[in-house]
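In: Make a model of this:
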Amino acid sequence: MKRNYKIAIIGLGSIGRRHLNNIVDVLNEKNISYTIDLIRSGKGQELDRETVQKINQVYYSHDDIPNDYDVMFITNPTHLHFETIQQYAGNTKHMFIEKPIFDRTDIAMDMLALKEEAVYYVACPLRYTDIIQYIKKNIDLQRVYCARVICSSYLPGWRPDQDYRNTYSAHKEQGGGVSIDLIHEWDYLCYLFGYPTQVFNIKGKYSDLEIDSHDLSLYLAEYPGMAVEVHLDYFGRQTMREIQLFTPKDTVVGDFIASEIRYLKSREVFSFKEGRNDFQRKEIAHFFEIIEGKALNDNDLITALNTLRIAKGGF
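Out: The predicted structure follows:
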């Protein structure tokens, strides 16, 4: 097993900072040494003291960046992912790419100059929640008649320290819009049930939020022997994130906000008391197991691109 990782993070917004902290925690727990560099555009916020203590070197020019990294974490805005992967694929053995993989699906993968032996993994953290793992292991998914999924929340409340109108979520050209910003729902549905046979999608801007991206996306999808409804929005004032499974014997609700499974007929409840960072950290640990050859890459570029096609309603 490798005992020293040379790591770079490209982009240090809120998710980049979360990954930085989790990388440090996971590798310290494994007793693996590492160095972490930052690659920045120079437009971001000044680094706080706690972050500086975790960073080895900060780079602002591609010409100065080493080409011997073990891992690069691509956590800059979605619309920059293709260019970033293309630019830095030669600088690293492996890549962890924040979701969604790209902001469009008309991608020529052969233009990325990818390494055949490298791991290119795209983030899919809700798979690692206790909710989805419980459903995967304890529900007979072949006996689900219908699934109903909702993710409803208020965009201005996502990042309280930042004006929502200035975030990538608010701007279509930066990869914003609920269809791909909330791609988690389609990711875990594909993880549980595979790809649908057909998808119908209605999306648009319906609220008074000051954004130019879509704030509502509704889907009807068909599987062999099952149908799925998906509701995604940016304007729900009471946050909801649930998957509801209608089975022959009960209706099962996976509530991500309460972190519990509820059986509506039998009234059984399983509480997990899981916080957001718990499953984010599990994903980072899983990623290092992938590049160490202990686990399969279960969300590679092609898998993630197919999920994006579904989310954009073009599957």
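
In: I'd like the distance between the closest residue to F272 other than its chain neighbours and E274.
Out: The shortest distance from F272 to any non-neighbouring residue, by Cβ to Cβ, 6 or more residues apart in numbering, is to D130 (3.9 Å). Every residue, glycine included, has its C-beta placed from N, CA and C. For D130, the distance to E274 (Cβ to Cβ, to the nearest Å) stands at 5 Å.

In: more crowded one of those two?
Out: With neighbours defined as other Cβ atoms under 10 Å, D130 and E274 compare such that D130 has more, 20 against 16.

In: Which residues are in contact with the more buried one?
Out: Residues near D130 by Cβ atoms under 8 Å, 6 or more residues apart in numbering: 259, 272, 274, 279.

In: Can you check which residues contact both of D130 and E274?
Out: Counting by Cβ under 8 Å, 6+ apart, the residues touching both D130 and E274 are S259.

In: Tell me which of the contacts of D130 has the lowest pLDDT.
Out: Within the contacts of D130, pLDDT reaches its minimum at E274, with 91.

In: Excluding chain neighbours, what is closest to that one?
Out: Nearest non-adjacent residue to E274, counting by Cβ to Cβ, 6+ apart: S259, 4.5 Å away.

In: burial of the one you found, as a residue count?
Out: Neighbours of S259 (other Cβ under 10 Å): 19.

In: Ramachandran coordinates for it?
Out: Torsion angles at S259 (phi, psi; degrees, to the nearest 10) stand at phi 50, psi 60.

In: was I right about it contacting V269?
Out: No: using Cβ atoms under 8 Å, S259 makes no contact with V269, being 11.1 Å away.

In: what sits against V144?
Out: By Cβ under 8 Å, 6+ apart, V144 lies in contact with 193, 226, 245-247.

In: Tell me the spacing between E283 and T307.
Out: Distance, E283 to T307, by Cβ to Cβ: 16 Å.

In: same question, S266
Out: The gap separating S266 from T307 is 33 Å, by Cβ to Cβ.

In: And these two? Which one has more around it.
Out: Neighbour comparison, S266 and T307: the larger count goes to T307, with 27 against 11 (by other Cβ under 10 Å).

In: thought the more buried one was touching E185?
Out: No: using Cβ under 8 Å, T307 makes no contact with E185, being 10.1 Å away.

In: Please save the CA atoms from stretch 78-90 in PDB.
Out: Output in PDB follows, covering the C-alpha atoms of stretch 78-90 (Å, rounded to 0.1, in the frame of the first residue of the first chain):
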ATOM      1  CA  THR A  78     -19.000  22.500 -13.300                       C
ATOM      2  CA  HIS A  79     -18.700  24.400 -16.500                       C
ATOM      3  CA  LEU A  80     -14.900  24.300 -16.100                       C
ATOM      4  CA  HIS A  81     -14.600  20.600 -15.500                       C
ATOM      5  CA  PHE A  82     -14.000  19.500 -19.100                       C
ATOM      6  CA  GLU A  83     -11.300  22.100 -19.600                       C
ATOM      7  CA  THR A  84      -9.700  21.300 -16.200                       C
ATOM      8  CA  ILE A  85      -9.600  17.600 -16.800                       C
ATOM      9  CA  GLN A  86      -8.200  18.100 -20.200                       C
ATOM     10  CA  GLN A  87      -5.500  20.500 -18.900                       C
ATOM     11  CA  TYR A  88      -4.400  18.500 -15.900                       C
ATOM     12  CA  ALA A  89      -4.800  14.800 -16.900                       C
ATOM     13  CA  GLY A  90      -1.100  14.600 -17.600                       C
END
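
In: Give the buried residues for it.
Out: Neighbour-count burial for stretch 78-90 flags 78-82, 84-85, 88-89 (criterion: 16 or more other Cβ atoms under 10 Å).

In: And the helices in this protein, which stretches?
Out: Assigned by DSSP state H, the chain shows helices spanning 14-29, 49-52, 81-88, 130-138, 178-181, 184-193, 276-291, 301-311.

In: So which of those helices is nearest T251?
Out: Checking those against T251 by Cβ to Cβ gives helix 130-138 as the closest, at 13.0 Å.

In: can you give me the angle that closest one makes with helix 276-291?
Out: Inter-element angle recorded for helix 130-138 and helix 276-291: 60 degrees (by axes from the mean of the first three to the mean of the last three Cα atoms, to 10 degrees).

In: Please state the offset of the lowest-mean-pLDDT helix or strand in the chain from the chain centre?
Out: Sorting the helices and strands of the chain by mean pLDDT, DSSP states H and E puts helix 49-52 at the bottom, at a mean of 91. Helix 49-52 sits 25 Å away from the centroid of its parent chain (Cα atoms, centre = their mean, to the nearest Å).
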